[in-house]
Structures are given as C-alpha cells and as structure tokens.
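J.: one predicted model, sequence on top.
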There are 2 protein chains.
Amino acid sequence: MPQGRPIAVPDDGLSTRARRNQPVLAVHTGAGKGKSTAAFGMALRAWNAGLDVAVFQFVKSAKWKVGEENAFRELGTLHDEHGTGGAVEWHKMGSGWSWSRRQGDEADHAAAAAEGWAEIARRLAEERHGFYVLDEFTYPLKWGWVDVDAVVETLRSRPGTQHVVITGRDAPAPLIEAADLVTEMAKVRHPMDAGRKGQRGIEW
Amino acid sequence: MPQGRPIAVPDDGLSTRARRNQPVLAVHTGAGKGKSTAAFGMALRAWNAGLDVAVFQFVKSAKWKVGEENAFRELGTLHDEHGTGGAVEWHKMGSGWSWSRRQGDEADHAAAAAEGWAEIARRLAEERHGFYVLDEFTYPLKWGWVDVDAVVETLRSRPGTQHVVITGRDAPAPLIEAADLVTEMAKVRHPMDAGRKGQRGIEW
C-alpha cells in the first residue's frame, strides 16, 4: 500500500510538481515471471491516463504475449472510435517491424534489433509517444546487437516527459544505473518446475 | 523468452493437456514494485482468453490503481456490448464491498476483510469466475484478519480450473507452499528514493 511519501527530498530546486512530471525510465529484470506482464500493467495505467502507448517487442515468436497484444489493440480501438484512453501501437520484431521494408525477413535478428532501436530513438527525439514498452530489449543489449552506451545516452537525453519501460533478464549495469525504477523479479516457484506447460489465459 | 519447456515431467499419470489445464495459484510478493501491476497484466491475458475476471482489492485507499480499474471497466464493457474477451467485475474493500450492506463503513477493516474473503470462498465453491485477482490480500493474512490455513485449504480444494493471483508483501509461508507460481518482486531502485512522488499514468 504505497503512501506516496518520499524518503528523501533532493536538493535539486524542483517543486514536487516539477519533479513529479519527470519522465520515468523503468527496468524489469531478473529470472522470475512478471517482467513483461508488469510492464503491460503499467501501460494499461498509462493508457487510462490518456498517454499514447507504443509497444516494441524484441522477441522472435509471435505466439507469446498475443493475449496482451489483442487486449491492447481493443483498447486502441476504444481510443480511435470513442476517444477513451490513449492511442496504442504494437510493433513486433519477430514478424518484421511494421515500418520496415524487410518485413517477414527473420534471418538477421541482429540487424532487425538494431533497426528497431534506431526507430525508437527517432521517435523519442520526436516525442512521438507518451509511454514506451521495450519488451525483451535486454537481450539485444546483452548480445551486443545494440550498443548499451548509445541506448543509455539516448534515454538520458530524451526530451519531454516520455516514459520508458524495458524488460528482460540480465539488464546491463549501465542501464540499471540510468533507470529511475528497477525491479528484479525473482523466481520462487514456477509451474514448469512441476512439469506443467504454459496454458492459454495464463501464459499467453 | 519463455520456451515452454518443462525442466522435469512429474510422474503423475496426467497428459500434458490435463496438466496444462490445471488451475494456477500465483503469488506476487516482495518489497519491489510490480506485484499488482503484473497481476493485472495476467488478468488482461485471461480476459483476452475469454475468462471471466474478478478483482478484489483489499486496500483502503480508492486513489491507487484507479487506472487499472478504469481500463478493466472499459474491457468489461467490450465484453458486455460486443462479446469481446471475458466479463469483468471489480470490487473494493475501501469503499465498502459492492455486495455488502455495510457499504461505506470503513471503521472495521478486519471485519470487512473477513467478509471479502468469505465472499471469495463462496464464489470459488460456485466456480463463479475464471480468473481472480486478490490484490493486497497478504495484509489481512499477515494481520490475522483472515486465517491463512483456512484460505490455503479453500484454495487447495477449489473446484474446476479457476486461476487465482494473490499480491502483497510478506506472503505467509503456507500460502507460498500452496502456490504453483511465486514471484518475489525485489526493489532495486525506486523514484521515491530520489524524492519523487507518484504521478498519474505511472503510479495510478
């Protein structure tokens, strides 16, 4: 039950309101469940506040997270048709980024990941969205497909009040350093330990 | 990137499908952010799969999580009017449980919490919903307002394939023992450490 009481007030000359409206960079990492799911939960809240939400999934398979995608597409329709909540965009690397001419080409994941990040950096510069989910983005960082320092620099200098949430295991240290909010999801117990496979409505 | 590969297959005589359709009891605990948010993300997925979703918030304040509540009410309307997704119910202890005659009486939180759990137990017995979120339910357990052993017994013996997610810090050991999926959200860094207060679209 959050009480909204800061444990320390920084000497930065900002009013509470000015500080409150600062953009948030959040990282959900760790080996447990809930990293992406919590990011989508945050996006739900952002959508309700009227922020434009853009999701970029750096994943191969189109199967996972289709539940969230469908639900957010419905929310996007509510915005488009009734003006409720924010607009929603959902982009996937696995099936080829929607804006890319290389659509459907899954051969070069490294290039596709770099292209995804380049597009996000452009949109951040333009202040295109209010809330970005960079789902499973730690993997391209970990594998060196996208340069961590460049990402951190772009995120640190992004204009306006654009919120960004990045998910995935093994978030690199410079990213954690740069983040305002870092949560580690630790696995305590998982159904797959007991030989249970994923099921619709729970896993996707 | 989940691969859906169990690390061990139990000798329980069940087929993968039978095992897959077992009801899940998940617990999100720990001092970090994302416990409730991930539960609502799971509920989003369940809604998309057509499961009826019921949220029971064991919290005092009506302010927090209003973003998620609004978004889910919109999703519930999509179900009611267009048959998209599952039905949605959202019940809050703080403003008096919707079914209770003691509405608005916030004086006795212990009694209200016990009443909330009694209603959930009734609904589980009737298989009323497909997916239950018991948000911040660990607190009434921790404070002894609701008996942990009775809760665990009811959850263990619940009929059908009703999924239940329980959130909150300090989940009691018997509940963790009974759960299929336990994630501990650990705080690594939080904006309030830097004197920032919550903001709309991020915190609620």
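T.: Cool, the structure landed.
J.: now the helices for chain A?
T.: Remark: helices assigned in chain A by DSSP state H are A:16-20, A:35-48, A:66-82, A:109-126, A:138-142, A:148-156, A:173-178.
J.: where among those helices is average confidence lowest?
T.: The minimum mean pLDDT among these belongs to helix A:16-20 (a mean of 51).
J.: ok, back up a step: for the helices of chain A, give me JSON lines that also has mean neighbour count and distance to chain B.
T.: Backbone N, C-alpha and C define where each C-beta goes, glycine included. Shown next, in JSON lines, are these (neighbours: other CB atoms under 10 Å in any protein chain shown; distance: least, CB to the nearest CB, whole Å):
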{"stretch": "helix A:16-20", "mean neighbour count": "14", "distance to chain B": "5"}
{"stretch": "helix A:35-48", "mean neighbour count": "28", "distance to chain B": "3"}
{"stretch": "helix A:66-82", "mean neighbour count": "18", "distance to chain B": "4"}
{"stretch": "helix A:109-126", "mean neighbour count": "17", "distance to chain B": "12"}
{"stretch": "helix A:138-142", "mean neighbour count": "21", "distance to chain B": "7"}
{"stretch": "helix A:148-156", "mean neighbour count": "16", "distance to chain B": "14"}
{"stretch": "helix A:173-178", "mean neighbour count": "15", "distance to chain B": "7"}
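J.: just send those back as a markdown table, with distance to B:M93 too.
T.: What follows is the helices of chain A, written out as a markdown table (distance: least, CB to CB, whole Å):
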| stretch | distance to B:M93 |
| --- | --- |
| helix A:16-20 | 28 |
| helix A:35-48 | 20 |
| helix A:66-82 | 26 |
| helix A:109-126 | 40 |
| helix A:138-142 | 37 |
| helix A:148-156 | 39 |
| helix A:173-178 | 36 |
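J.: and those: which comes nearest B:A38?
T.: B:A38 sits nearest to helix A:35-48 of all the helices of chain A, at 3.9 Å, using CB to CB.
J.: next, the angle helix B:35-48 makes with that closest one.
T.: If you take axes from the mean of the first three to the mean of the last three CA atoms, to 10 degrees, helix A:35-48 sits at 80 degrees to helix B:35-48.
J.: in chain A, which strand is the longest?
T.: For chain A, the strand with the greatest residue count under DSSP state E is strand A:181-189.
J.: for B:V148, which of the helices of chain A is the nearest?
T.: Across the helices of chain A, closest to B:V148 is helix A:35-48 (CB to CB), at 25.4 Å.
J.: spatially central residue in chain A, please.
T.: Centroid check for chain A by CA atoms, centre = their mean gives A:V133 as the closest residue, at 2.0 Å.
J.: can you tell me who the closest residue to that residue other than its chain neighbours pairs with across the strands?
T.: Leaving aside its chain neighbours, A:V133 sits nearest to A:V55 (4.4 Å; criterion: CB to CB, 6 or more residues apart in numbering or on different chains). For A:V55, the beta-bridge partners under DSSP bridges are A:W90, A:V133.
J.: wait, A:V55 touches A:A87, no?
T.: No - using CB atoms under 8 Å, A:V55 makes no contact with A:A87, being 11.8 Å away.
J.: the more surrounded of these two?
T.: Counted by other CB atoms under 10 Å in any protein chain shown, A:V55 and A:A87 do not tie: A:V55 has more neighbours, with 24 against 16.
J.: got a list of what that one touches?
T.: Counting by CB atoms under 8 Å, 6 or more residues apart in numbering or on different chains, A:V55 makes contact with A:F40, A:A43, A:E69, A:F72, A:V88, A:E89, A:W90, A:H91, A:Y132, A:V133, A:D135.
J.: could you rerun that using 10 Å?
T.: A:36, A:39-40, A:43, A:65, A:68-69, A:72, A:88-92, A:129, A:131-135, A:165 (CB atoms under 10 Å, 6 or more residues apart in numbering or on different chains).
J.: roughly how far does A:A125 sit from A:V88?
T.: 21 Å (CB to CB, to the nearest Å).
J.: parallel or antiparallel, which strands does the longest strand of chain A pair with?
T.: Paired strands of strand A:181-189, with direction, are strand A:25-29 (parallel), strand B:181-189 (antiparallel) (DSSP bridges).
J.: contacting residues for the closest residue to A:G130 other than its chain neighbours?
T.: Closest residue to A:G130 apart from its sequence neighbours, by CB to CB, 6+ apart: A:L51 at 3.1 Å. Contacts of A:L51 were listed using CB under 10 Å, 6+ apart, and they are A:43, A:45, A:85-87, A:129-132, A:161-163, B:200-202.
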